[in-house]
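J.: Need coordinates for the below:
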Amino acid sequence: MSADSPPAASPITSDDRVVPLADLFRLLGDPTRLRIVLACVEQRRAVGAIAELLGLSASLVSHHLRLLRAARIVRAERQGKQVFYVAADRHISAMLGELLEHIAEPQADASDIE
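T.: Below you'll find the model as predicted:
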């Protein structure tokens, strides 16, 4: 590699992985959507149950669920005429569980860092 050549992107920092990950965090960065996903991690729920649990309108919950389904964060399961939503897979559940544990940890003092 010459001195003028840009460094090769590592698989971790390449745009084909970072951009979708940033999009995932952007979707989950909305408190309403995050609350909806967390409700779907706990158990599978219908739109009406999510709306009631979170004190939101069913139409608002449906709108957010459309975005979350498109991003493969939640998936729909039909049972007869009823549709239930659940976290898409164990990766989503595990990631959110780990992040919740992280924020519950006591904050480190500046003296802990040195």
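
J.: low pLDDT regions in this protein?
T.: Segments of the chain classed as low confidence (criterion: pLDDT under 70) are 1-11, 109-114.

J.: element containing Ala76?
T.: Of the helices and strands defined by DSSP states H and E, Ala76 is found in strand 74-79.

J.: Can you name every helix or strand that that strand contacts?
T.: Helices and strands touching strand 74-79, by 3 or more CB pairs under 8 Å, 6 or more residues apart in numbering; DSSP states H and E, are helix 31-42, helix 58-70, strand 82-87. In short, each C-beta sits where N, CA and C put it, glycine included.

J.: Please state the offset of that strand from the chain centre?
T.: Using CA atoms, centre = their mean, to the nearest Å, the mean C-alpha position of strand 74-79 is found 17 Å from that of the whole chain.

J.: Give me the buried positions along that strand.
T.: Residues of strand 74-79 classed as buried under the neighbour-count rule (16 or more other CB atoms under 10 Å) are 74-75.

J.: now what about that strand, what contacts it?
T.: When contacts are taken as CB atoms under 8 Å, 6 or more residues apart in numbering, the neighbours of strand 74-79 outside the stretch itself are 36-37, 40, 44, 65, 68-69, 83-89, 92.

J.: Sheet partners, orientation included, of that strand?
T.: Within its sheet, and counting by DSSP bridges, strand 74-79 is paired with strand 82-87 (antiparallel).

J.: Centroid-nearest residue for the protein?
T.: The geometric centre of the chain, computed from its C-alpha atoms, lies nearest to Leu28 (CA atoms, centre = their mean), at 4.6 Å.

J.: secondary structure element for Arg26?
T.: Secondary structure assigned from DSSP H and E places Arg26 in helix 15-28.

J.: one step back: in JSON lines, list the helices and strands packed on strand 74-79 along with distance to Ser14.
T.: Converted to JSON lines, the helices and strands packed on strand 74-79 look like this (distance: least, CB to CB, whole Å):
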{"stretch": "helix 31-42", "distance to Ser14": "26"}
{"stretch": "helix 58-70", "distance to Ser14": "23"}
{"stretch": "strand 82-87", "distance to Ser14": "27"}
